[in-house]
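> With the sequence up front, the predicted model follows.
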Amino acid sequence: MAVDADYLHSLVNWNQGSIGPEIFISDEIYKLEQERIFGRSWLFLAHDSMIPNPHDFFATYMGGDPVLVVRQPDGSVKAFLNACRHRGMRVCRAEEGNTRSFMCTYHGWTYDSAGKLQSVPNQEDAYFGKLSLEDNGLIQVAQVDSYKGMIFGNFDPTAPPLHDYLGDLKYYIDGWVDHAEGGIEVLPGAIKWTINANWKLAAEQFAGDTYHATTTHLSSLLSFGPGFDAKDGAHVSLREGHGESFLFERHTRFEDDPLGQYNEEKRRIARERVGDRADMVANFNAFPNFSGLPGSANIRVWHPKGPNKFEIWSFTVVEKNAPEEAKRAQQISASFTEGAAGVVETDDGENWGMISGVLEQGYQARKMAWNYEMGLGTEREHPDFPGEYHDSFFGEAGQRGFYRRWLEFMTTEAWPVIPPEERNGTADAVTAGSNTGGAR
């Protein structure tokens, strides 16, 4: 069946809470996502702390395309395809580092750290002096911008600014990046692993599926304690496709170690800066594939590698001015719970892989619509929390909002602008008052 707008609308009935699982397994849908989702969305690339010095670089992906993110001598950041203009070979095989040039090891074309082609072997003899170096630089990412040190890129020059794209999510981002003077930093060493499943299963879970935790993660919850139920938190869905769920109370599991002691000491300052958001434990997804668990000091990107495979890149986030022993303790804690072999993370990977196994091997299961009705019709406005607010830690509004936005991107030729009257909340107003408290 042709993947056209009518077909996609038949699969994604977000307003009724019904999603056809073909969107998680179809090769044609995956290929269209590369063009319309990853070719037009603002995608997380790196954090300022990962490339602090001139000529520092970090190799990552935007959808399936490899890119290099490079700090320029003037302090700005550029990003470009990690693909030589001659035959498409990677010009950099390292994951990160510092260099003034990138050389393709196939034919030797060499580019500077701004992506400009500097030299070609045997240029006079092979090209008779007719090759234009200026016209054969690396393909630039059209837009690069940052928010609170988090660097994003967008291949689409017509896309709105990052500030608009993040929308009301900025209010919630501020709740965990602004706890202390100096902000956050990402510790060295990304943890990377592969899941045989579709990337959207992970993104939608972080957009609001806390319902799975009391079953999937029961063993770890019993070990960590205390547990939680629906009344202990809330969740929001944002019109831009972002979603977040949060508990209102933060519990320190490590009271006797440097991390627990530091967290207790900083809490007063954090409350002064961001109000009750300092105590919120949350999970979020910024559409399409940037997620995190601020309560566990963890951010990650879901890099698609096909309709039935994606890579998880996981990073540990700490306050930049925290003592070294607290940073080390946080890194150990994050790896223990959310790393590739973490006691919590492995539960999720097993679920996603088993779901995809059913879809990949079966036929009838691909015809069965999945139920996304939880919390449908319970949304309301909240004076403190921008977005579509729900009075429960459990719900699927974030997932419905995610697929609403996904459908808009997938079924439009031009960049899908959100009408002003449809935007939730007043992100600019609440972000300006960063110490706005939250309800209890």
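In hand now; what should we look at?
> Going by C-alpha atoms from here, please, whenever you check contacts or count neighbours.
OK.
> What segments of the stretch 251-400 of the chain are helices?
258-274, 324-338, 345-361, 364-367, 397-410 (DSSP state H, counting those that start in this stretch).
> Pull the number of nearby residues for residue 167.
By the measure other CA atoms under 10 Å, the count of residues near residue 167 is 22.
> Export the helices of the stretch 251-400 of the chain to TSV and append columns for mean pLDDT and mean neighbour count.
Below are the helices of the stretch 251-400 of the chain laid out as TSV (pLDDT from 0 to 100; neighbours: other CA atoms under 10 Å):
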stretch	mean pLDDT	mean neighbour count
helix 258-274	82	17
helix 324-338	87	18
helix 345-361	94	16
helix 364-367	94	14
helix 397-410	98	24
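> so can I have CSV of these showing distance to residue 193?
What follows is the helices of the stretch 251-400 of the chain, written out as CSV (distance: least, CA to CA, whole Å):
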stretch, distance to residue 193
helix 258-274, 26
helix 324-338, 12
helix 345-361, 10
helix 364-367, 27
helix 397-410, 24
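> Relative to residue 125, which of those helices is closest?
helix 397-410 (47.4 Å; CA to CA).
> Show me what that closest one packs onto, helices and strands only.
helix 5-11, strand 12-13, helix 27-36, helix 199-206, strand 233-237, strand 243-247 (3 or more CA pairs under 8 Å, 6 or more residues apart in numbering; DSSP states H and E).
> The closest residue to residue 101 other than its chain neighbours: what's it in contact with?
Closest residue to residue 101 apart from its sequence neighbours, by CA to CA, 6 or more residues apart in numbering: residue 112 at 4.2 Å. Going by CA atoms under 8 Å, 6 or more residues apart in numbering, residue 112 touches 100-102, 118.
> gap between residue 112 and residue 69?
13 Å (CA to CA, to the nearest Å).
> for the protein, which spans come out with low pLDDT?
Along the chain, segments meeting pLDDT under 70 span 1, 222-227, 250-256, 295, 424-440.
> what pairs with the spatially most central residue of the chain across the strands?
What sits nearest the mean C-alpha location of the chain, by CA atoms, centre = their mean, is residue 290, with 0.4 Å. In this entry, residue 290 is beta-bridged to residue 286, residue 301, by DSSP bridges.
> how far away is it from residue 28?
23 Å.
> same thing with residue 130?
40 Å.
> Also residue 244?
Distance from residue 244 to residue 28, by CA to CA: 30 Å.
> Those two: who's more crowded?
Using other CA under 10 Å as the criterion, residue 244 and residue 28 rank with residue 244 on top: 31 against 13.
> and the spatially closest residue to that one that is not a sequence neighbour, how many neighbours?
Excluding its sequence neighbours, the residue lying closest to residue 244 (CA to CA, 6+ apart) is residue 284, at 4.2 Å. Neighbour count of residue 284, defined by other CA under 10 Å: 30.
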